[in-house]
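Q: Have a look at this prediction, sequence included:
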Amino acid sequence: MTEALLSVRDLRTWFHTDQGVAKAVDGVSFDVHPGETLGIVGESGCGKTVTSLSILQLLPQPPAKIEAGSSIRFAGDELVGIGEKRMRALRGNEIAMIFQEPMSSLNPVYTIGDQIGEALRLHRRMDRKAARAEAIRLLAEVGIPEPDRRVDEYPHQLSGGMRQRVMIAMSLSCEPKLLIADEPTTALDVTIQAQILELLAALRVKHSMAVLLITHDLGVVAEVCDRVVVMYAGQVVETGTVFEIFSDPRHPYTRGLLDSLPSVDDPGQRLVSIPGTVPNPTGWPAGCRFRDRCARAGEGCEAPQELVALAGEGRAARCWRAES
Ligand SMILES: Nc1ncnc2c1ncn2[C@@H]1O[C@H](COP(=O)(O)OP(=O)(O)OP(=O)(O)O)[C@@H](O)[C@H]1O
Ligand SMILES: [Mg+2]
């Protein structure tokens, strides 16, 4: 396999609060290879966003602290402790990001063209005229109709799906090597969601960028990802290719997520959701962190669980029964 573009090793991002230490991300490791789409999936509160904000070094510090021993390597550089100035040069340049709610990342008082243009002037040193022409071209590329008119509109004049397209156009403006997309389609209705995912998949190939896609929805993962990292309670609990995860899930949590997907064959069928909720990160349960919610829990689950390597490249599950 090619050398990883992004290599996260034993990442621990903890919040030091008055209520205690919230170990939101607690020993996470994974790689993203050039040009691939890696999905990070898990329920609310598993630490997906804190992982992505750690990569981008956009956490509130304090109370957040990336603990000693954590490593995030991007294209050969160590990002932990890199300093804001060098990080700012990487952010929006080599690593771009899009979030769930595009409105919160767009400035309501500037036109779309001004905002994309600013990124182009800053990162690609274009003059005003060239930046406007390039902004129109980018809007067309992300499928915005009448881009030469839309370029002069304000964010509130666009629909949610269109705003997300604008965010994608902005993130493409400096040809990033890695795009981090945190729940990019969660706020959109199903048809628009499918269109945005299709767009991301096409752009990834065209621009040969890697995508780190964060979602709570395995359906989204199935559509666009090559490999999957399943997170639970601040840890990686299973990794594999999309095919392996869907055809042969080894961690009971992954099985639970799959069982709660609507069935294509029988859409009317009642969904089975995993009982209980993700525990609080200030006090992860001792032993297997999924034990309280696991139908198969029993003897052997009181011990903290290690990732067990399984047959298949990079395939692993954090369950002592993973091989059976
Ligand atoms: N500023 C903060 N201070 C204290 N704890 C925080 C802070 N931000 C996040 N956390 C904690 O970190 C944990 C992980 O949060 P995170 O946002 O990464 O979850 P997530 O997997 O992205 O969930 P969602 O699907 O809801 O977006 C949460 O339990 C949350 O309480
Ligand atoms: Mg999140």
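A: Ah, there it is. Numbering: from 1, shown residues only. Ligands and ions are numbered 1, 2, ... in the order given.
Q: Check what contacts the strand or helix carrying F30 and list those residues.
A: For F30, the enclosing helix or strand under DSSP states H and E is strand 20-32. Identification of contacts with strand 20-32 by Cβ atoms under 8 Å, 6 or more residues apart in numbering yields 4-15, 38, 40, 47, 50-51, 54, 178, 210, 212, 229, 231, 233-236, 239, 280-284, 314. Where C-beta positions appear, they are placed from N, C-alpha and C, glycine not excepted.
Q: now the helices: where do they sit in the stretch 51-200 of the chain?
A: Listed in chain order, the helices of the stretch 51-200 of the chain (DSSP state H, counting those that start in this stretch) span 84-90, 102-105, 112-124, 128-141, 147-150, 160-172, 190-207.
Q: before we move on, the earlier item: from the contacts of strand 20-32, which land in strands?
A: 6-15, 38, 40, 178, 210, 212, 229, 231, 235-236, 239 (DSSP state E).
Q: Please indicate which of the residues you listed are buried?
A: The neighbour-count test (16 or more other Cβ atoms under 10 Å) applied to the ones in strands among the contacts of strand 20-32 identifies 6-8, 11-15, 38, 40, 178, 210, 212, 229, 231, 235-236, 239 as buried.
Q: Would you mind trimming these to those in range of ligand 1?
A: Among these, the ones lying near ligand 1 by Cβ under 6 Å from any ligand atom are F15.
Q: before we move on, back to that, relative orientation of the strand holding F30 and strand 37-41 in degrees?
A: Orientation of strand 20-32 against strand 37-41 (axes from the mean of the first three to the mean of the last three Cα atoms, to 10 degrees) gives an angle of 150 degrees.
Q: what helices or strands is the helix or strand of the chain with the lowest mean pLDDT leaning on?
A: Here the helix or strand of the chain ranked lowest by mean pLDDT, DSSP states H and E is helix 102-105, holding a mean of 78. Judged by 3 or more Cβ pairs under 8 Å, 6 or more residues apart in numbering; DSSP states H and E, the packing partners of helix 102-105 are helix 160-172.
Q: what's in contact with the helix it packs on?
A: Contacts for helix 160-172 (Cβ under 8 Å, 6+ apart): 92, 96-99, 102-103, 105-106, 112, 115-116, 119, 135, 138-139, 141-144, 150, 155, 158, 179, 184-185, 187-188, 192, 195-196, 199-200, 203, 207.
Q: what does the stretch 101-250 of the chain have sitting close to ligand 1?
A: Near ligand 1, when you scan the stretch 101-250 of the chain using Cβ under 6 Å from any ligand atom, you find H216.
Q: for ligand 2, what are the nearby residues on the stretch 101-250 of the chain?
A: Contacts of the stretch 101-250 of the chain with ligand 2, taken as Cβ under 5 Å from the ion, are absent.
Q: Could you list the low-confidence segments of the stretch 101-250 of the chain?
A: Nowhere does the stretch 101-250 of the chain drop to pLDDT under 70.
Q: can we see that at 80?
A: 102-104 (pLDDT under 80).
Q: quick one: the strand holding F30 near ligand 2?
A: No: with Cβ under 5 Å from the ion as the criterion, ligand 2 is not reached by strand 20-32; the gap is at least 10.4 Å.
Q: So for that strand, what gets flagged as buried?
A: Applying 16+ other Cβ under 10 Å to strand 20-32 flags A22, K23, A24, V25, D26, G27, V28, S29, F30, D31, V32 as buried.
Q: How about it and ligand 1, any contact?
A: Yes: Strand 20-32 comes into contact with ligand 1 (Cβ under 6 Å from any ligand atom), by way of A22, A24.
Q: Report the strands that pair with that strand, each with its relative direction.
A: Looking at strand 20-32 with DSSP bridges, its partner strands are strand 6-17 (antiparallel).
Q: one step back: now, among the buried residues of strand 20-32, which is nearest to S247?
A: Distance to S247 across the buried residues of strand 20-32 (Cβ to Cβ) is lowest for F30, with 20.6 Å.
Q: Pull the contacting residues for the residue nearest the centre of the chain.
A: What sits nearest the mean C-alpha location of the chain, by Cα atoms, centre = their mean, is I214, with 2.6 Å. Contacts for I214 were tallied using Cβ under 8 Å, 6+ apart; they are G39, I40, V41, K48, T49, T51, S52, I180, A181, D182, E183.
Q: Kind regards, and thank you for your time.
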